[in-house]
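> Kindly generate the corresponding structure for this input.
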Amino acid sequence: MAPRQVVDLDAYLNNFRARVVQDAFLEATSRYWWRRAEQFEAARPRRTDHYPRDISAATVAAQDERIAATAQACRYRAVIAHSTRLEAAE
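Predicted coordinates:
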């Protein structure tokens, strides 16, 4: 069994706080949301995808609809982020 590593709790918490703030600023940028929309679009089912036999076309269509709606929500969020003053910090 490997020896337990001693963790400096103050340093860990300071790093954690910094990452939380960094993530909050990142999520406030339109670039972040445009990139997320692109990622969801890339995840949508394609005609060339192969599915197990027990997956119906309706299930695939429902999945595609959910992913497309999520991508659209990301695009809406990008527009909102672009119209806020936080965008100037980018």
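
> contacts and neighbour counts: CA atoms only from here.
Will do.

> And residue 43, how close does it get to residue 71?
10 Å (CA to CA, to the nearest Å).

> typo on my end, residue 84
Computed with CA to CA, the distance linking residue 84 and residue 71 is 20 Å.

> Those two - which one has more neighbours?
residue 71 (24 against 12; other CA atoms under 10 Å).

> Residue 24: what's it in contact with?
If you count contacts by CA atoms under 8 Å, 6 or more residues apart in numbering, residue 24 has none.

> Which secondary structure element is home to it?
helix 9-27 (DSSP states H and E).

> Pull out the buried residues from that helix.
residue 26 (16 or more other CA atoms under 10 Å).

> Which strands or helices does the next helix or strand after it pack on?
Toward the C-terminal end, the helix or strand that comes next after helix 9-27 (DSSP H and E) is helix 30-43. Applying 3 or more CA pairs under 8 Å, 6 or more residues apart in numbering; DSSP states H and E, we find helix 30-43 packed against helix 57-82.

> List the contacts of residue 30.
Contacts of residue 30 by CA under 8 Å, 6+ apart are 77, 78, 79, 80, 81, 82, 87.

> out of those, which is most surrounded?
Counting by other CA under 10 Å, top hit in the contacts of residue 30: residue 78 with 22 neighbours.

> which residue packs closest to that one, ignoring adjacent ones?
Spatially, and ignoring its direct neighbours in sequence, residue 78 is nearest to residue 30 (4.2 Å; CA to CA, 6 or more residues apart in numbering).
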